[in-house]
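Colleague: Just to be clear, the model below is a prediction. Sequence and coordinates:
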Amino acid sequence: MRAIIVSAQGGPEVLEYAERPDPVPGDGEVVVDVAASGVNFIDIYHRSGAYPLPLPTTIGSEGAGTVSAVGAGVRDVAVGDTVAWAGVLGSYAEKAVVPADRVVPVPDGVPAEVAAAAMLQGMTAHYLTHSTYAVKEGDQVLVHAGAGGMGQLLIQIAKFTGAKVYTTVSTSEKEKLAREAGADEVLRYDTFAEALRGRIDVVYDGVGATTFDGGLEALRPRGLMALYGAASGPVPPVDPQTLNKQGSLFLTRPTLVHYIAERAELLQRASDLFGWIASGQVTINISHRYPLADARHAHEDLAARRTTGKLLLIP
């Protein structure tokens with residue numbers, strides 16, 4: 001099979017398209033013929049060394065496809081099943097080995113490519129809006145980067161939950177995408193803090209360094225900042241007294257792995273997500289599909305914020 005191998009951490013040039021032996025499942029594992037793998041910022045962190053990994057390795061944490069082999073002890077997954085996963089390394093490949101307890105069934109009404117595009121960002125949007133802060137009718141919600149894949153999902157889910165949704169974008173083209181996703185008001189990054197000061201119940205911030213301080217200003221007293229990413233760079237250390245002065249604010253830095261650690265929770269989030277997709281409540285915007293061999297190009301586009309929506313690699 002062919003896969004993307006990282007042998008030394010660095011820029012997109014370290015992504016090598018190479019042949020590897022076809023994998024064999026171990027106990028409790030399945031092999032999946034990958035239909036598509038998602039491209040996410042965490043892949044850039046893994047490639048660059050921001051999140052160090054043992055090398056050499058195949059990166060990619062999200063995908064979907066058809067089970068082609070099962071290991072000993074696997075009972076709930078069979079050859080021929082369409083499955084998806086997130087949070088398991090090795091997805092940038094034609095074949096991936098995944099623990100059977102980490103795959104979820106993909107229903108007939110959801111294409112495999114859509115499932116691959118939805119898993120990491122979709123379940124992240126699920127836990128952010130249903131667990132980190134349970135959005136309710138009438139809430140005032142701020143979603144940063146509303147034209148991106150995560151932003152569009154957060155907007156859609158917060159809207160059908162009954163919130164008023166504000167979002168930030170950098171261009172008129174991105175404003176159009178955010179409004180199509182359902183945003184009530186679309187603001188630019190240099191004006192949002194003043195426009196929303198003291199009004200917002202929850203801020204969902206995947207941008208990080210350039211938006212964090214303004215997000216705290218936008219929060220109402222006892223509001224919550226959910227910092228789930230750092231597309232513009234990491235946020236500097238925060239003095240907890242700042243949270244006191246600005247209204248007894250709450251700050252959390254969640255990550256998906258802690259919200260799908262139990263299989264029952266993983267299955268519930270995936271089931272809800274696929275149900276929303278099948279019913280049309282949530283639309284997955286796949287903006288770019290790249291051949292697996294063009295992983296470098298995909299990373300360059302994502303890092304430069306030249307894309308909107310979801311990026312996929314297709315073996």
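Modeller: Nice, thanks for sending it over.
Colleague: And the pLDDT for residue 41?
Modeller: For residue 41, the model assigns a pLDDT of 88.
Colleague: Output the longest strand belonging to the chain.
Modeller: strand 29-39 (DSSP state E).
Colleague: Give the other helices and strands that the following helix or strand past that strand contacts.
Modeller: Per DSSP states H and E, strand 29-39 leads on to helix 41-48 as the next helix or strand towards the C-terminus. Counting contacts by 3 or more C-beta pairs under 8 Å, 6 or more residues apart in numbering; DSSP states H and E, helix 41-48 is packed against helix 295-303. Quick note: C-beta positions are derived from backbone N, CA and C, even for glycine.
Colleague: try 10 Å this time
Modeller: If you count contacts as 3 or more C-beta pairs under 10 Å, 6 or more residues apart in numbering; DSSP states H and E, helix 41-48 packs onto strand 2-6, helix 112-127, helix 295-303.
Colleague: and that helix with strand 29-39, angle?
Modeller: Orientation of helix 41-48 against strand 29-39 (axes from the mean of the first three to the mean of the last three C-alpha atoms, to 10 degrees) gives an angle of 100 degrees.
Colleague: Run the chain-centre distance for helix 41-48.
Modeller: Taking C-alpha atoms, centre = their mean, to the nearest Å, one finds the center of helix 41-48 at 13 Å from the center of the full chain.
Colleague: Run through who's touching the helix or strand that it is followed by.
Modeller: Later in the chain than helix 41-48, the nearest helix or strand by DSSP H and E is strand 57-58. For strand 57-58, the surrounding residues in contact (C-beta atoms under 10 Å, 6 or more residues apart in numbering) are 3-7, 9, 18, 20, 23, 46-47, 89-93, 96-97.
Colleague: and the residues you listed, which are buried?
Modeller: 3-6, 9, 23, 46-47, 89-93, 96-97 (16 or more other C-beta atoms under 10 Å).
Colleague: ok so, going back, looking at the helices and strands packed on helix 41-48, which is buried most?
Modeller: helix 112-127 (a mean of 26; mean count of other C-beta atoms under 10 Å).
Colleague: what pairs with the helix or strand just after it, and is each one parallel or antiparallel?
Modeller: Next helix or strand after helix 112-127 toward the C-terminus (DSSP H and E): strand 140-143. With DSSP bridges as the test, strand 140-143 is paired with strand 164-169 (parallel), strand 200-205 (parallel).
Colleague: Output stretch 6-16 as CSV, nothing but the C-alphas.
Modeller: Taking C-alpha atoms only, stretch 6-16 is exported to CSV below (Å, rounded to 0.1, in the frame of the first residue of the first chain):
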residue,chain,number,x,y,z
VAL,A,6,7.0,11.4,8.4
SER,A,7,10.6,10.5,9.2
ALA,A,8,11.7,13.9,10.5
GLN,A,9,9.6,16.6,11.9
GLY,A,10,9.4,19.9,10.1
GLY,A,11,7.5,21.7,7.3
PRO,A,12,5.2,20.2,4.7
GLU,A,13,8.3,19.0,2.7
VAL,A,14,8.8,16.2,5.3
LEU,A,15,5.6,14.5,4.1
GLU,A,16,6.8,11.5,2.0
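Colleague: hang on, the earlier thing: so which of the strands paired with strand 140-143 is nearest residue 258?
Modeller: strand 200-205 (16.7 Å; C-beta to C-beta).
Colleague: Relative to the whole chain's centre, how far out is that closest one?
Modeller: 17 Å.
Colleague: can you map out the strands along the stretch 201-315 of the chain?
Modeller: Ranges of strands within the stretch 201-315 of the chain are 219-227, 250-252, 286-291, 310-314, based on DSSP state E, counting those that start in this stretch.
Colleague: got those strands as JSON lines, with mean neighbour count, mean pLDDT and distance to residue 182 columns?
Modeller: Below are the strands of the stretch 201-315 of the chain laid out as JSON lines (neighbours: other C-beta atoms under 10 Å; pLDDT from 0 to 100; distance: least, C-beta to C-beta, whole Å):
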{"stretch": "strand 219-227", "mean neighbour count": "19", "mean pLDDT": "98", "distance to residue 182": "19"}
{"stretch": "strand 250-252", "mean neighbour count": "15", "mean pLDDT": "98", "distance to residue 182": "25"}
{"stretch": "strand 286-291", "mean neighbour count": "16", "mean pLDDT": "94", "distance to residue 182": "17"}
{"stretch": "strand 310-314", "mean neighbour count": "23", "mean pLDDT": "96", "distance to residue 182": "17"}
